[in-house]
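J.: Take this sequence and fold it.
(2 chains)
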Number of protein chains: 2
Amino acid sequence: MNTHLVPDVLISEVGPRDGLQSVKATMPTANKFKWIDALVAAGLREIEVCSFVPAKHLPQMADAAEVVRHALKHPGVTVMALVPNLRGAKEALRANVHKLTIPVSASAAHSLANVRKTREEMIEEVRAIVRLRDEIAPGVKIEAGIATAFGCTLQGEVPEGDVVWMASQCIAAGADESGLSDTTGMANPAQVRRLFHKVRAAIGDKTGAAHMHNTRGLGLANCLAAYDAGVRTFDSSLGGLGGCPYAPGASGNVVTEDLVFMFAAMGISTGVDIAKLIAAREPLKAGLPGEPIYGMTPEAGLPKGWSQCASSIGLVPGA
Amino acid sequence: MNTHLVPDVLISEVGPRDGLQSVKATMPTANKFKWIDALVAAGLREIEVCSFVPAKHLPQMADAAEVVRHALKHPGVTVMALVPNLRGAKEALRANVHKLTIPVSASAAHSLANVRKTREEMIEEVRAIVRLRDEIAPGVKIEAGIATAFGCTLQGEVPEGDVVWMASQCIAAGADESGLSDTTGMANPAQVRRLFHKVRAAIGDKTGAAHMHNTRGLGLANCLAAYDAGVRTFDSSLGGLGGCPYAPGASGNVVTEDLVFMFAAMGISTGVDIAKLIAAREPLKAGLPGEPIYGMTPEAGLPKGWSQCASSIGLVPGA
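T.: Residues are numbered from 1 along each chain as shown, chains lettered A, B, ... in the order given. Here you go, the predicted model:
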């Protein structure tokens, strides 16, 4: 049980980026503002609010700078943006984000398909982004997220040595942290424990977030396994939006509501108020009418006796 | 990796009992036969095929003896039935089942509501069933499944001491094993580990199955936690049928397909062939037209490279 003001784990909400860029519809800017406000009100302290990519490729993200400007009004919230390259990083740094995340594939095939660069070229891109950051915004943190760390739909198995090598190279290139992403929903708990241990052995405290998908229902089990392996930052998406769901009922990203429920039930504090988190589904629904959203805890409701339980473990929203 | 003929874990399929008695429609007997045949063909070696309760209360189970007779034709399969009392046990033993499971609530309120008996009266019922078994069918195994072990929708929290006490009393009354059921979908992984450790400390090797629900999405995480705590038998239901789902998308029982996928991906053998397991959804659908069934793995399909992976870990269907 947590009696401190700092929660035991950090939930990094990726819905406004990962979720919104995965759906066809574009959420109007004003709705994005309301949704982000509701996420902050629920106690989320790190939010990936957008990606900086050419609007012709991703019209859903055309208002990225404006969204960042709005999110920055919330004190105490780390405002993140995804940038696939130096050009995106330049725009994001100009917009004054607090943290950049760069997707770097461990799978050679996925790297070429996703960013049209080899893995070695992406490491050079990380180095160039770090150099730019050092010049114009030295306080900004840079995370390299190792995509396809647990398997690839193009090349199949991804050797664990490749993952450790990519993470180490990104840190050597100056990234502040490197997390592991189950881009394709192929991870299993044994692999998650093993691979996070290996990465930690290589880069120590610079080991970053677990970004798990729920493609085959293993999302929370994999987060539990990552927690067991010492991970304390978890990416997830409100309503499980995004992360390439394959089919109705099969969400992509881990559902923030269920993840927060799991940790809170275990007595691991997240700083997030579940009732307010569930309320934050309303602006999401209003901004994306008709889009399916997921989550078992919102459907089932909180268990009998929950309020006592939640207060006894000292949840501190927004602390 | 398993190189033996005996799988590492036993998946105890409860769909034909727990699933079918939870839905309004009655599956025709001939369809039950086909479904059970398909489950056996997929490699399942323990199946809870029915419950012995008065047909006026559960018309879905009116053909229980006939279903048992059919299931017994499959060599190597443990044919189980649920019995709530001595009367049901008598019928089940006459039908020649291999194993009885008796639901025994750790929650005083749930015990009265579910079987109209106090917990102490249920322990006496277990003792009477054991006596009958000893007289007329000494080879039959008896499991006491501790219902509401992780919380109760009627009384809220269930003291862990009550759960350990109930399990110990059932074993003292002659039950061969006692497992823990998350009847209400309130369990979390920390609690699952803690409670299975406590029960094992009390009854040792007589600790039975983990029967987890997926009400709030934690089903697989809780099974992983139970595995970590030494549990090697897991109840689940094909298509997640049964277990009182609260809402569309919120399945009740852990989905057998996802559970088998998780273990197989971890290199923990189950003896179950996932492709044939997914095929066993067809007779289920045919026998219950229009009934929603769940499962992420069947929706998403198996990952690229899966067949090599599965064969490398030595899956031995039906062994």
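
J.: check which helix or strand covers the residue lying closest to residue A:155 once chain neighbours are set aside.
T.: Setting aside the residues directly before and after it, residue A:155 is nearest to residue A:109 in space (Cβ to Cβ, 6 or more residues apart in numbering or on different chains), at 4.1 Å. (C-beta placed from N, C-alpha, C; glycine too.) For residue A:109, the host element (DSSP states H and E) is helix A:108-115.

J.: ditto for residue A:50
T.: Per DSSP H and E: residue A:50 is located in strand A:46-51.

J.: Which strands and helices lie in contact with the longest helix along chain A?
T.: The longest helix of chain A (DSSP state H) is helix A:119-136. Where contact means 3 or more Cβ pairs under 8 Å, 6 or more residues apart in numbering or on different chains; DSSP states H and E, helix A:119-136 is packed against helix A:86-94, strand A:99-105, helix A:108-115, strand A:141-147, helix A:160-172.

J.: Pull the distance from the longest one to the chain's centre.
T.: Just to be clear, that refers to helix A:160-172. 19 Å (Cα atoms, centre = their mean, to the nearest Å).

J.: Would you mind writing the CA trace of it as CSV?
T.: Presented in CSV, the C-alpha positions along helix A:160-172 are these (Å, rounded to 0.1, in the frame of the first residue of the first chain):
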residue,chain,number,x,y,z
GLU,A,160,15.8,-10.8,-28.4
GLY,A,161,19.4,-9.8,-29.1
ASP,A,162,18.1,-7.3,-31.8
VAL,A,163,15.8,-5.7,-29.2
VAL,A,164,18.5,-5.3,-26.6
TRP,A,165,20.9,-4.0,-29.3
MET,A,166,18.4,-1.4,-30.5
ALA,A,167,17.7,-0.2,-27.0
SER,A,168,21.4,0.1,-26.2
GLN,A,169,22.1,1.9,-29.4
CYS,A,170,19.3,4.4,-28.8
ILE,A,171,20.7,5.1,-25.3
ALA,A,172,24.2,5.4,-26.7
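
J.: Does stretch A:296-306 reach chain B?
T.: Yes. Stretch A:296-306 reaches chain B (Cβ under 8 Å from any Cβ of the partner chain) through A:296, A:297, A:299, A:300, A:301, A:303, A:304, A:305.

J.: model confidence over that stretch, on average?
T.: Averaged over stretch A:296-306, pLDDT sits at 87.

J.: ok, now stretch A:101-112?
T.: 95.

J.: Chain A: strands as residue ranges?
T.: In chain A, the strands defined using DSSP state E lie at A:10-13, A:46-51, A:78-82, A:99-105, A:141-147, A:177-181, A:207-211, A:233-236.

J.: quick check: angle from the third one to strand A:99-105?
T.: It stands for strand A:78-82. 30 degrees (axes from the mean of the first three to the mean of the last three Cα atoms, to 10 degrees).

J.: before we move on, back to that, nearest to chain B, out of the strands of chain A?
T.: Closest approach to chain B among the strands of chain A (Cβ to the nearest Cβ): strand A:233-236, 11.6 Å.

J.: Bridge partners for the residue most central in space within chain A, pull those for me.
T.: The structure's chain A has its C-alpha centroid closest to residue A:235; by Cα atoms, centre = their mean the separation is 3.3 Å. Beta bridges link residue A:235 to residue A:12, residue A:211 when assigned by DSSP bridges.

J.: Of the helices and strands packed on helix A:119-136, give the one that comes closest to residue A:230.
T.: helix A:160-172 (14.6 Å; Cβ to Cβ).

J.: circling back: the residues of stretch A:296-306 next to chain B, buried ones only, as a ChimeraX selection?
T.: In ChimeraX, this line selects whichever of those come out buried by 16 or more other Cβ atoms under 10 Å in any protein chain shown:
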select /A:296,297,299,300,303,304,305
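
J.: so how many other residues sit close to residue A:279?
T.: 14 (other Cβ atoms under 10 Å in any protein chain shown).

J.: residue ranges for the helices of the stretch 201-319 of chain A, please.
T.: Assigned by DSSP state H, counting those that start in this stretch, the helices in the stretch 201-319 of chain A fall at A:219-228, A:256-265, A:274-279, A:281-287, A:296-300, A:306-312.

J.: Let me have the ones you listed in JSON lines, extended by distance to residue A:113.
T.: Shown next, in JSON lines, are the helices of the stretch 201-319 of chain A (distance: least, Cβ to Cβ, whole Å):
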{"stretch": "helix A:219-228", "distance to residue A:113": "24"}
{"stretch": "helix A:256-265", "distance to residue A:113": "28"}
{"stretch": "helix A:274-279", "distance to residue A:113": "34"}
{"stretch": "helix A:281-287", "distance to residue A:113": "29"}
{"stretch": "helix A:296-300", "distance to residue A:113": "33"}
{"stretch": "helix A:306-312", "distance to residue A:113": "43"}
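
J.: returning to that earlier point: next, the buried residues of the strand holding residue A:50.
T.: Neighbour-count burial for strand A:46-51 flags A:46, A:47, A:48, A:49, A:50, A:51 (criterion: 16+ other Cβ under 10 Å).

J.: Could I get the CA-only coordinates of the helix holding residue A:109 as PDB?
T.: Taking Å, rounded to 0.1, in the frame of the first residue of the first chain, the C-alpha atoms of helix A:108-115 are listed here in PDB:
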ATOM      1  CA  ALA A 108      14.400  -4.800 -39.900                       C
ATOM      2  CA  ALA A 109      11.400  -5.500 -42.100                       C
ATOM      3  CA  HIS A 110       9.000  -3.300 -40.000                       C
ATOM      4  CA  SER A 111      11.500  -0.500 -39.800                       C
ATOM      5  CA  LEU A 112      11.600  -0.200 -43.600                       C
ATOM      6  CA  ALA A 113       7.800  -0.500 -43.900                       C
ATOM      7  CA  ASN A 114       7.000   1.900 -41.100                       C
ATOM      8  CA  VAL A 115       9.500   4.700 -41.600                       C
END
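
J.: tell me what it is packed against?
T.: Under the contact rule (3+ Cβ pairs under 8 Å, 6+ apart), helix A:108-115 is packed against strand A:99-105, helix A:119-136.

J.: Deepest in the core, which of those is it.
T.: Mean neighbours per residue, mean count of other Cβ atoms under 10 Å in any protein chain shown, is largest over the helices and strands packed on helix A:108-115 for strand A:99-105, with a mean of 26.

J.: isn't the residue nearest to residue A:155 right up against residue A:152?
T.: Yes. Between residue A:109 and residue A:152 there is a contact at 6.2 Å, judged by Cβ atoms under 8 Å.

J.: OK, contacts around residue A:237?
T.: Residue A:237 makes contacts with A:13, A:14, A:15, A:18, A:19, A:243, A:252, A:253, A:254, A:255, A:256, as judged by Cβ atoms under 8 Å, 6 or more residues apart in numbering or on different chains.
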